[in-house]
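Asker: Below are the sequence and a predicted model; questions follow.
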Amino acid sequence: MKDKVVVIYSGGMDSFTVLHRALRDGYEVYPLSFNYGQRHARELLVAEEVCNSLSLSHKVVDIRAINSLLAGSSLTDDIDIPEGHYAADNMKSTVVPNRNMILLSLAIGYAVSIGARKVMYGAHSGDHTIYPDCRPEFVEKMNDVAQIANFESVQVVSPYLYKNKIDILADGLRMGLDYSKTWTCYNGRELSCGKCGSCQERLEAFQLNGVKDPLDYEQA
């Protein structure tokens with residue numbers, strides 16, 4: 001029997017790559033997505049389409065109620081999405097307080113319930129400056145807690161923790177992945193904006209890999 005793994009799957013290019021890496025490595029994959037009130041919820045539709053095409057058992061959990069507790073993020077509140085690269089200090093407005101701890105806690109519980117020994121998510125080095133819950137120290141501590149929080153230990157794994165978006169895309173291209181089946185933009189409009197930090201990082205990754213991004217942009 002294949003080992004089971006829960007993959008936190010947002011529909012973005014990082015988790016898309018993690019999902020396919022888990023499949024490539026022979027795991028029985030259980031994708032788990034969350035609707036936490038993100039304005040770019042279009043990513044959830046993309047995730048559903050990918051999982052349907054792969055015949056995977058995909059769960060989408062509605063946790064929008066937590067937004068009454070987690071104020072101040074431009075991803076969930078009525079605050080303009082900042083423009084510019086992730087290196088810019090203004091990108092800190094996209095932090096959702098404690099998001100990954102909440103999502104990982106739910107994913108670990110799901111893993112225990114289905115007998116999976118691992119939870120995988122797409123934290124990477126490009127996130128370290130802006131997002132505390134993507135840093136190695138956080139992943140290590142969450143992994144420690146996941147070993148003792150239940151009678152069944154679960155390992156928290158971030159395959160690209162010490163890689164950047166450029167490396168992630170390079171790995172996905174080697175696997176022959178189609179990144180038109182992903183959504184990255186923080187603005188949930190018809191086309192990607194090309195200006196937010198998420199778009200800027202994505203465009204940079206494609207440029208430095210010498211490949212054209214298959215998505216259309218309002219402007220890039």
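Answerer: Received the coordinates, thanks. Residues are numbered from 1 along each chain as shown.

Asker: What residues of the longest strand belonging to the chain count as buried?
Answerer: In the chain, taking DSSP state E as the definition, the longest strand is strand 28-35. Using 16 or more other C-beta atoms under 10 Å as the test for burial, strand 28-35 gives 28-34. To be clear about C-beta, it is placed using only N, CA and C from the backbone, and glycine gets the same treatment.

Asker: shaky segments in the protein?
Answerer: Low-confidence regions of the chain, defined here as pLDDT under 70, cover residues 39-40, 70-96, 126-129, 219-220.

Asker: So which residues of it form helices?
Answerer: In the chain, the segments counted as helices under DSSP state H are 13-24, 42-53, 99-114, 136-148, 165-174, 197-208.

Asker: and the angle from the longest one to strand 28-35?
Answerer: Between the axes of helix 99-114 and strand 28-35, defined by axes from the mean of the first three to the mean of the last three C-alpha atoms, to 10 degrees, the angle is 140 degrees.

Asker: Next, the angle from helix 99-114 to helix 136-148.
Answerer: Following the same axes, to 10 degrees, one obtains 30 degrees for the angle between helix 99-114 and helix 136-148.

Asker: now do the second one
Answerer: Taking the same axes, to 10 degrees, one finds helix 42-53 and helix 136-148 inclined to each other by 50 degrees.

Asker: The closest residue to residue 52 other than its chain neighbours: neighbouring residues, count only.
Answerer: Computed as C-beta to C-beta, 6 or more residues apart in numbering, the closest residue to residue 52 that is not its neighbour in sequence is residue 58, at 7.5 Å. If you count neighbours by other C-beta atoms under 10 Å, residue 58 ends up with 20.

Asker: Also residue 106?
Answerer: 17.

Asker: same question, the one 3 residues further on
Answerer: The number of residues packed around residue 109, counting by other C-beta under 10 Å, is 14.

Asker: residues near the spatially closest residue to residue 67 that is not a sequence neighbour, how many?
Answerer: Setting aside the residues directly before and after it, residue 67 is nearest to residue 37 in space (C-beta to C-beta, 6+ apart), at 4.6 Å. Residue neighbour count, defined by other C-beta under 10 Å, stands at 19 for residue 37.

Asker: returning to what we had before: could you redo the helices of the chain as TSV and give each row distance to residue 67?
Answerer: Formatted as TSV, the entries for the helices of the chain read as follows, by distance: least, C-beta to C-beta, whole Å:
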stretch	distance to residue 67
helix 13-24	21
helix 42-53	16
helix 99-114	11
helix 136-148	22
helix 165-174	27
helix 197-208	20
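
Asker: Residue 68: which of these is closest?
Answerer: Closest approach to residue 68 among these is made by helix 99-114 (13.5 Å; C-beta to C-beta).
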